[in-house]
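> sharing a model prediction with you, sequence too.
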Amino acid sequence: MKKAIITGITGQDGAYLAQLLIQKGYKVIGLSRQNDLQSAYRLVYLGIDQQVEVTQVDLTNPRAVMDCLEAYHPDEIYNLAAQSSVGQSFKFPQETFSFNTLSVMNLLEGIRQFDKNIRFYQASSSEMFGSVSLKNLPIRESLLFHPVSPYGISKASAHWLTVNYREAYGLFTACGILFNHESSLRGENFVVKKIINTAIRIKNGEVKELNVGNLAISRDWGYAPKYVEAMWLMLQQNIPADYVICSGQVTSLLELINQVFNKLDLDLRSYVRLDPQLLRSLDLAIIYGDNSKAKQELGWEYEMDISYLISRLIQDEEDLIKWKTSKI
Ligand code: NDP
């Protein structure tokens, strides 16, 4: 039985990846900062909370990381823990940068000292590319980084640490450069989750409006449960490498909101309000990727178009709301 450690198991991707690895017969150990595990509701929702062992580890403490490696001796580590919000990173730049880089350094150094055969996945991000000129779209793995947020900068640093341990010490490390991926289990403060949840509550008569920031941005949105499959595939290759994981399609936020409201039979103009406080000091205008390397080398499949994705997210959100209501 293979053993995998997932850091950030209480988050969106951690929960879906844990579910996938359990289906594949892994023993899964999840690391969390918390000890009350209130936030482990995602594992409960997916029905896997009794099948994973969740333990509290401070990833900023090198001794704690080493103790954890010695205690569990995993075959694979999926490093998903991070302060993952671009918006929050402008409010808390020190915490974002220090946690998102130091945790990665401690894990890599722990692997190097304890057992170089442990395979390591790093959750890199499309935000590392930052402002991209139109001639460089769609984004491929080879494009130079120019991050424009503390989050993007922290992820770029962590990315290069991971590449460095591969090149300097021969560790099996792979970075998944993931574009935005969504699900009902996404954090409440992320825009797509907020739009869909609020639109459903407007439909149910619970709230009256949706406040939004910059509607002109265009993004490459995908479905989180499909994206975690690529993480696992990256650690099953003969040669480690870094891969862009994205849908390859681009949609503006305005178009996305339009489709959500149309699918729920709501008139957008009656409910959507622009809130200047939600505008960022610096925002990417348009960003989308090219997933052909992942498709060719990993055999990763992604076929969902944006309309299907939105319908699926609405359905999943309605199911989650029903589940939460049944628990009250
Ligand atoms: P989430 O925010 O849902 O989960 C991240 C987890 O990291 C949290 O559950 C939290 O768990 C843990 N964490 C550890 N330290 C901190 C900290 N200082 N602040 C906040 N959380 C912390 O992220 P996702 O599951 O969506 O993403 C997984 C990884 O993939 C992250 O590294 C993210 O940056 C990256 N990524 C995500 C994308 C997306 O579209 N979702 C796109 C590209 C990259 P706990 O509190 O239990 O420790």
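Sure thing, it's come through.
> near the ligand, which residues of this protein? Just list them.
By the rule Cβ under 6 Å from any ligand atom, the part of the chain lying against the ligand is 8, 10-14, 32-34, 39, 80-84, 95, 99, 123, 125, 178, 180-181, 187. C-beta coordinates here come from the backbone N, C-alpha and C atoms, glycine included.
> what about the strands in the stretch 1-150 of the chain?
3-7, 27-32, 52-56, 76-79, 119-125 (DSSP state E, counting those that start in this stretch).
> looking at those, spot the one closest to E301.
strand 119-125 (19.0 Å; Cβ to Cβ).
> adjacent strands (with direction) for the closest one?
strand 76-79 (parallel), strand 173-178 (parallel) (DSSP bridges).
> and the longest one, how far from the chain's centre?
Which is strand 173-178. Chain-centre distance of strand 173-178: 11 Å, with Cα atoms, centre = their mean, to the nearest Å.
> outline the domain layout of the protein.
Structural domains assigned to the chain are 3-181+222-245, 184-219+249-286+305-327, following automatic domain parsing.
> now do the end-to-end distance for the shortest one.
Using Cα to Cα, to the nearest Å, the end-to-end distance of domain 184-219+249-286+305-327 comes out at 17 Å.
> tell me where the stretch 201-328 of the chain has helices.
Counting by DSSP state H, counting those that start in this stretch, one finds helices in the stretch 201-328 of the chain at the ranges 224-234, 253-263, 268-271, 292-293, 306-327.
> deepest-packed of those helices, please.
helix 224-234 (a mean of 22; mean count of other Cβ atoms under 10 Å).
> give me the residues contacting that helix.
12-13, 16-17, 20-21, 24, 78, 121, 123, 174, 176, 178, 181-183, 185-186, 240-241, 243, 245, 294, 298-302, 304 (Cβ atoms under 8 Å, 6 or more residues apart in numbering).
> same deal with stretch 314-328?
45, 183-185, 193, 196-197, 199-200, 260, 263-264.
> how about TSV for the strands of the stretch 1-150 of the chain, with mean neighbour count added?
Listed next are the strands of the stretch 1-150 of the chain as TSV, based on neighbours: other Cβ atoms under 10 Å:
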stretch	mean neighbour count
strand 3-7	25
strand 27-32	24
strand 52-56	17
strand 76-79	25
strand 119-125	25
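> so what's the gap between stretch 156-168 and the chain middle?
19 Å.
> in CSV, list the C-alpha atoms belonging to it.
Listed next in CSV are the C-alpha coordinates belonging to stretch 156-168 (Å, rounded to 0.1, in the frame of the first residue of the first chain):
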residue,chain,number,x,y,z
ALA,A,156,7.2,31.7,-8.0
SER,A,157,9.8,31.5,-5.2
ALA,A,158,8.4,28.1,-4.0
HIS,A,159,8.4,26.9,-7.7
TRP,A,160,12.1,27.7,-8.2
LEU,A,161,13.0,26.1,-4.8
THR,A,162,11.2,22.9,-6.0
VAL,A,163,13.0,23.0,-9.4
ASN,A,164,16.3,23.7,-7.6
TYR,A,165,16.1,20.6,-5.4
ARG,A,166,15.4,18.5,-8.5
GLU,A,167,18.3,19.9,-10.4
ALA,A,168,20.8,20.2,-7.5
